[in-house]
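Asker: Coordinates for the following, if possible.
(3 chains)
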Amino acid sequence: MLRYLVRRLAQVIPTLLGVAVVTFFMLRIVPGDIVEVKLRGDGGNVSQAQIEVERKRLGLDQPLPVQFASWMAGLVTLDLGKSMWTGNGVAEEIGLRLELSLQVAVMATMIAILIAVPLGTLSALFMGTWIDYAIRMVTIAGLAVPSFWLGMLVILGLLYLFNWLPPITFTSFYKDPIANLSQLIWPALAVGYRYAAVVARMIRSSIIEVLKEDYIRTARAKGLQERLVVMRHAMRNALLPAITVIGLEFAFLIGGLVVTEQVFNLNGIGRLFVQAIGRNDFTLIQGIVMTIAVTFIFTNLVVDLLYAALDPRIRYR
Amino acid sequence: MTPVGPATMPRRGPLVQFARAQPLGVVALLVILAMAFAGIFAELVAPLDPLDIDFAAMLGAPSATHWAGTDAFGRDILSRLIYGARTALSIGFLSSMVGCTLGAAIGVASAYFGGRIDDVIQRITDILLSFPIVVLALVVVAMLGRKLVLGIDLNLIVAIAIPIVPKVIRVVRAAALTVREMPYVDAARAGGFSHARIIFRHMAPNVAAPYLIMLTAYIAQAILLEASLSFLGLGVAEPTPSWGLMLAGNASDFYREAPWMILFPGFAISLAVFAFNLFGDSLRDWLDPKLRT
Amino acid sequence: MKFARFLAVAVGLALVAPAGAQTPKRGGLFNFAITAETPTYDCHGTDTFAAIHFLAPFYSTLLQFDLDNFPAVKGDLAESWQVSADQLTYSFKLRPDIAFHDGSKLNSADVKATYERMRQPPQGVVSARQATFADIDAIETPDAQTVIFELKAVNAAMLEHFASPWNCIYSAAKLAEDPSFPSKTILGSGPFRFTEHVRGSHVSGVRFERYFRAGLPYLDGFKGVFMLQPAAMLNALQGGQVLAEFRTVSPAERDRLRQTMNDRIRLEERSWTLNLMVVFNTEKKPFDDVRVRQALNLAIDRWGGSQGLSRASVLRDVGGAVRPGSPFAIDPMELEKFPGFGRDIRAARAEAQRLLREAGVGNLSFKLLNRTIAQPYTPAGIFLVDAWRQIGVTVEHQQQETSPYLAAMGSGNFDIAVDFSNLFMDEPSLGLAKYLSFDLAPDNRSRAIDRELDGLFARQQRERDVPARMALIRQFEARALTQAYQVPLLWWHRIVATHSVVKGWRMSPSHNLGQDLAEIWLDQ
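Answerer: Numbering: from 1, shown residues only, chains lettered A, B, ... in the order given. Just a heads-up that it's a prediction; the model follows:
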């Protein structure tokens, strides 16, 4: 097990390096830069000389390799630099919003698992019946309905029916759980529905696969009760691919929250990302993309390790 | 579901077989074809010009002239939905096509040539797979800006296609690898056949099924991605009709006076993605068993 | 007997007292929405309303606009002032006993240090006011309560510049330690003391007990919540999470608020000192030909379009280079004579097509550069594309995010663009400066050079006689509108929504004025 871990970690390092390189260079092709936006954004009258002063201060006038070198040097010390828009540390800007985005992601995951496991299992057990078809329709709808549209409908529904709106500023769960939950439950639901659909489908096909296996027939032939068969043998094996999917989709959530945060006016990483792109805030974009990519890589790693722990066959490949 | 005895019955065409095996899939296919028809022949199908501004009729409820009502500029929503189908399907199809084909080509090449080439390609794929789709698409959009050719935004297509490529590479490479081990490939190499011939004659048929399935599945993803990007204002631009764009802007401001502004485009997106997903599912259910035997 | 008379007087007074004249109630926390978040705390380095709505409650200025008598000015930090007969010397007497939020005293040295910083920014400081205060020759402080500004030349707008909300007064001591201190720290003398700024979320302040106006502010504190999406802001207003938004709502949003909230919401409307303009890149063919520019301008149905656009967006008033309704504005009957401002759109469009043929551009096709901002840039773009479609011109509507938009504008990398003019007061020298030749006015995006305009501008700027100045401005405008290097499209209309419980705020033609919240109180 340890050898597997070390091997996987070794694979991760060059990938991370590649991500850093790609992230940096992708952005430098962008035309226009942030200094113009900052100083002339609302119709100002700042001279070209002043623009150059600010550009110099941000280090944008230096040749590309030099900028890249300082970015890499910063990465090693976990210093993501300073946002070109506000001048505050990138890590600081991200850190401020991380709690919110992570919480919505976790809540969406929990909702998804709570919905998907029973639905997927039922659908598989009653395969071919109207229960199966009904659940399949619901899950395919979940994949089809855009989460931002669902979010819009939820908000407008709340306003129209109850003339009530969730709180607009974020309070940490530890300070005021009611206010916190009443704000975040809605985006979590909007995003979680789709998530649940993906996982439910995966669980369903996984269980169907497993139920066809020889050892299940053997177990049934032996006369064990149907329930025991399902619970002990099928579920454990069926859950493995589901874990992979849960892991993959969780990382996507961070990126998928981009659109949902706009709709719910949440001060999260997704919204920060869209703003940063609009302003060509290179350092911030780089920082966010790196953070998301790293999260994703390590989530995958955790999922792989979990998979390997549960399925010994994997370790010896 | 296997074909019946050899000479006793005439071989039914694949389409009929498919229809019998996957009735839902056929329904989905019909929906897709209907949308495609509307999109291609939008000029004939749409009752009015989607760009015509008519302030006198703004925020009108569905009526005889405007079956789906009008928006804040008095533009006919039904016509915009129909032209929106053109936008969604063309971008969806082209992005998926470009992404899947490129991914398949690279995947097959990677599997076939193996060695260093395979390693490098795998590294790059790993890196690209570390970015969530939306994030990667957004960065590419920011990089490239907009470039309209014949009314279609090429850069948007590239932005949506790029995140698809590494995923397709993964799957296609796996499928192609199973073939590479076959003895007849070695025999062909020994016989002096060119790389291209071997790839096309032997490996390609094996990856055809996953390729087709992914093509359909990613059209659904691409449509959703285009809608999301347009909603954020980073996709298609006004006044080009796009379902996502119709949801952006002031559509939600008028949810009381004109709820049709929000409901119809959302339904359209959901229907399109639903149809493609359902069709893809049915395709996979039908093709998969064949693959295994 | 006496008591009866007293009673009569009292009753009489009560009856005569204006309805609604209430005594302001002290206390309460005021939540309002800010639709953009400022990246910097330095008032001097920015021109955005985002900075003002955020910073104005914390700072004071020398003078301020008297919003009951706009555009008159009254003192803020200054108790009284005098302008010399030749209009070259401005002397201010500061109030005694003004304190900064950290307790230190504010006197003339702080005012001098602030203005020196603006007109001659030290290394590493960006000042957007350099051009504005270029006319200042020297600043003297004979004693702690007096500041004297000596000008090099007459500037008719000088007094208004002293009242500009962006000229926040900083502490001289802090500036001496670190000239860029204000961009990171907020230390002012305004009615509220800064408490926190959670980036992406909100800014909050509490009452400054030692504020130099006794009894103010009424509020205990405030919270400005950043709401970048108009839909979210509107929902929050309706739901009561925020009680006001001070920039604008669109007419449709106003209708929705009115319908859903009835008299719980107050909606005030006024014409606005902002406009949208159509800019022709005179360095690109065929826009260097005045006939083509006039033709494209003629195709725009401003009067007709404003009917519809004013229902869908904040665009409304048809006006020339000076805000319609302001002291120096052109008479609407005179305005109609200029191309693009006439009432007969059919004739205008026929003339447009004739001009295009004469100029030899048969099938004209180009790109329209615009911003991605939904209100009102998107409707304006859609409207323009449609207008030009009517004369057979094909236009590709290209909306860009702020950064690439500004880059393209700055480098001249566009055909025709939608531009904007954002003023905080009606002073013609401010508004007309945009039309000057490109080498004098870098924000003239049309890149045209026109010495006649430059000459007329310089003359009106120094002209003290008002009718004479008016005549010069009319000449300037006539040339600008006929040459049509860049033309105003429509002027904006401001609709401010505040909950009825919010009292004490005054409406003005600029969304940058009256934002210090000192006199706001909540009637709850």
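Asker: secondary structure class for B:Arg20?
Answerer: Using DSSP: H, G, I helix; E, B strand; the rest coil, the structure places B:Arg20 in helix.
Asker: how about the helix or strand where B:Leu271 lies: buried residues?
Answerer: Element membership for B:Leu271, per DSSP states H and E: helix B:260-292. Under the neighbour-count criterion of 16 or more other CB atoms under 10 Å in any protein chain shown, helix B:260-292 has B:260-266, B:268-287 buried. In this view, the C-beta of every residue, glycine as well, is placed from N, C-alpha and C.
Asker: what is the rounded mean pLDDT of that helix?
Answerer: Averaging pLDDT along helix B:260-292 gives 82.
Asker: State the number of residues packed around A:Val76.
Answerer: 8 (other CB atoms under 10 Å in any protein chain shown).
Asker: residues touching the closest residue to C:Gln259 other than its chain neighbours, list them.
Answerer: Spatial nearest neighbour of C:Gln259, excluding adjacent residues (CB to CB, 6 or more residues apart in numbering or on different chains): B:Arg256 at 7.0 Å. Each residue near B:Arg256 by CB atoms under 8 Å, 6 or more residues apart in numbering or on different chains is listed here: A:Tyr160, C:Arg256, C:Gln259, C:Thr260.
Asker: Where does pLDDT dip in chain A?
Answerer: Low-confidence segments of chain A (pLDDT under 70): A:1, A:27-50, A:53-54, A:57-60, A:214-216, A:218-220, A:223-234, A:251-252, A:254-256, A:311-317.
Asker: in it, which spans are helices?
Answerer: A:2-27, A:34-40, A:48-57, A:64-76, A:90-125, A:130-144, A:147-162, A:177-212, A:214-222, A:226-228, A:236-264, A:269-279, A:282-310, A:312-315 (DSSP state H).
Asker: List the buried residues for the fifth one?
Answerer: So that's helix A:90-125. Buried, per 16+ other CB under 10 Å, within helix A:90-125: A:90-91, A:93-94, A:96-98, A:100-105, A:107-109, A:111-113, A:115-117, A:119-125.
Asker: Now do it: distance to the chain's middle.
Answerer: Relative to the chain's own centre, helix A:90-125 is displaced by 8 Å; criterion: CA atoms, centre = their mean, to the nearest Å.
Asker: That one vs helix A:269-279, what angle?
Answerer: Put simply, helix A:90-125 runs at 130 degrees to helix A:269-279, going by axes from the mean of the first three to the mean of the last three CA atoms, to 10 degrees.
Asker: what about helix A:90-125 and chain B, any contact?
Answerer: No - applying CB under 8 Å from any CB of the partner chain, one finds helix A:90-125 separated from chain B by no less than 11.6 Å.
Asker: residue nearest the centroid of chain B?
Answerer: Closest to where the C-alpha atoms of chain B average out (CA atoms, centre = their mean) is B:Ile219, at 1.3 Å.
Asker: these two touch, right, that one and B:Ser96?
Answerer: Yes - here B:Ile219 reaches B:Ser96: they are 4.4 Å apart, a contact under CB atoms under 8 Å.
Asker: What about C:Arg506, how many residues nearby?
Answerer: Neighbours around C:Arg506, by other CB under 10 Å: 14.
Asker: Next: the one 10 residues further on.
Answerer: With neighbours defined by other CB under 10 Å, the count for C:Asp516 comes to 24.
Asker: Look up the closest residue to it, ignoring the ones flanking it.
Answerer: According to CB to CB, 6+ apart, the nearest residue to C:Asp516 is C:Ala56 (4.7 Å).
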